[in-house]
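S.K.: Kindly generate the corresponding structure for this input.
(chains A and B)
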Amino acid sequence: SQTIHQWPATLVQPVGSPLSLECTVEGTSNPNLYWYRQAAGRGLQLLFYSVGIGQISSEVPQNLSASRPQDRQFILSSKKLLLSDSGFYLCAWLSPSLREQFFGPGTRLTVL
Amino acid sequence: GDSVTQMEGPVTLSEEAFLTINCTYTATGYPSLFWYVQYPGEGLQLLLKATKADDKGSNKGFEATYRKETTSFHLEKGSVQVSDSAVYFCAFTPLVFGKGTRLSVIA
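M.R.: Numbering: from 1, shown residues only, chains lettered A, B, ... in the order given. You can find the predicted model right below:
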């Protein structure tokens, strides 16, 4: 069966510091992968999605970037964090046959 | 453009009360529709889905019917429990999610 991991689970970073969040998927190949952010009291905001290695689509321009160095790995990065980057970051993959998404456990990021 | 609109929360109910969370959508074509649930501190889990008009998705006592004529997919449960307290998202994935409705059930 497929599983999706996110690392780390929680992170506290100072403003201006870099960021790297990792998402890995097991049990499937060539998945469509997604990064979402959920700010406190708000809904899901799609940040990036990827349909394959090296292929990244950005939905919202901001100081975040994403990379897909391997088929089942999706990285969310920033060179300099802002206070407004605080939130709950969720990675997901899409099952093409079921047309439904499966979400990771999330990373809670607090920028101070 | 494509969008999902769901009722704003928070919704507070007593245990065993009836629940309805409204969801309407705007989409090109006839997408599959989903309800996801997010328990505190966790990621999203699929609650139920419907893939075509008039389909009824159901799970854990929750139900939703895909209504093409009203472009709706309202979530219902006849008798809520404290353990149902969570945030509920209506969606047609992967790109369109509602803003979420927070449900609190009190004993």
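S.K.: only C-alpha atoms for contact and neighbour calcs from this point on.
M.R.: Will do.
S.K.: Could you pull up the residues touching residue 72?
M.R.: This is for chain A. Counting by Cα atoms under 8 Å, 6 or more residues apart in numbering or on different chains, A:Arg72 makes contact with A:Thr24, A:Val25, A:Glu26, A:Ser29, A:Asn30, A:Pro31.
S.K.: was after chain B, sorry
M.R.: By Cα under 8 Å, 6+ apart, the contact list for B:Ser72 reads B:Asn22, B:Cys23, B:Thr24, B:Tyr25, B:Thr65, B:Tyr66.
S.K.: Assess the claim that A:Leu11 and A:Thr110 are in contact.
M.R.: Yes - contact criterion Cα atoms under 8 Å: A:Leu11 and A:Thr110 qualify, at 6.3 Å.
S.K.: ok, back up a step: specify which member of the contacts of B:Ser72 is nearest to chain A.
M.R.: B:Cys23 (14.1 Å; Cα to the nearest Cα).
S.K.: number of nearby residues for the closest one?
M.R.: For B:Cys23, the tally of surrounding residues (other Cα atoms under 10 Å in any protein chain shown) stands at 21.
S.K.: who's in contact with it?
M.R.: B:Val4, B:Thr5, B:Gln6, B:Met7, B:Ser72, B:Phe73, B:His74, B:Leu75, B:Cys90 are the contacts of B:Cys23 under Cα under 8 Å, 6+ apart.
S.K.: which one in those is the model shakiest on?
M.R.: Scanning the contacts of B:Cys23 for pLDDT, the low point is B:Met7. It has 88.
S.K.: dump the residue contacts of that one.
M.R.: Per Cα under 8 Å, 6+ apart, neighbours of B:Met7: B:Ile21, B:Asn22, B:Cys23, B:Thr101.
S.K.: try 6 Å
M.R.: B:Asn22 (Cα atoms under 6 Å, 6 or more residues apart in numbering or on different chains).
S.K.: which parts of chain A sit against chain B?
M.R.: Contact residues, chain A versus chain B (Cα under 6 Å from any Cα of the partner chain): A:Gly43, A:Phe103, A:Gly104, A:Pro105, A:Gly106.
S.K.: Can you name the residues bridging to B:Ser104?
M.R.: B:Thr12 (DSSP bridges).
S.K.: Just want the residue of chain B that's nearest chain A.
M.R.: Nearest to chain A in chain B, going by Cα to the nearest Cα, is B:Lys99, at a distance of 3.9 Å.
S.K.: so that residue makes contact with A:Gly43?
M.R.: Yes - look at B:Lys99 against A:Gly43 with Cα atoms under 6 Å: they come within range, at 3.9 Å.
S.K.: Who wins on neighbours among the residues of chain A next to chain B?
M.R.: Counting by other Cα under 10 Å, top hit in the residues of chain A next to chain B: A:Gly106 with 29 neighbours.
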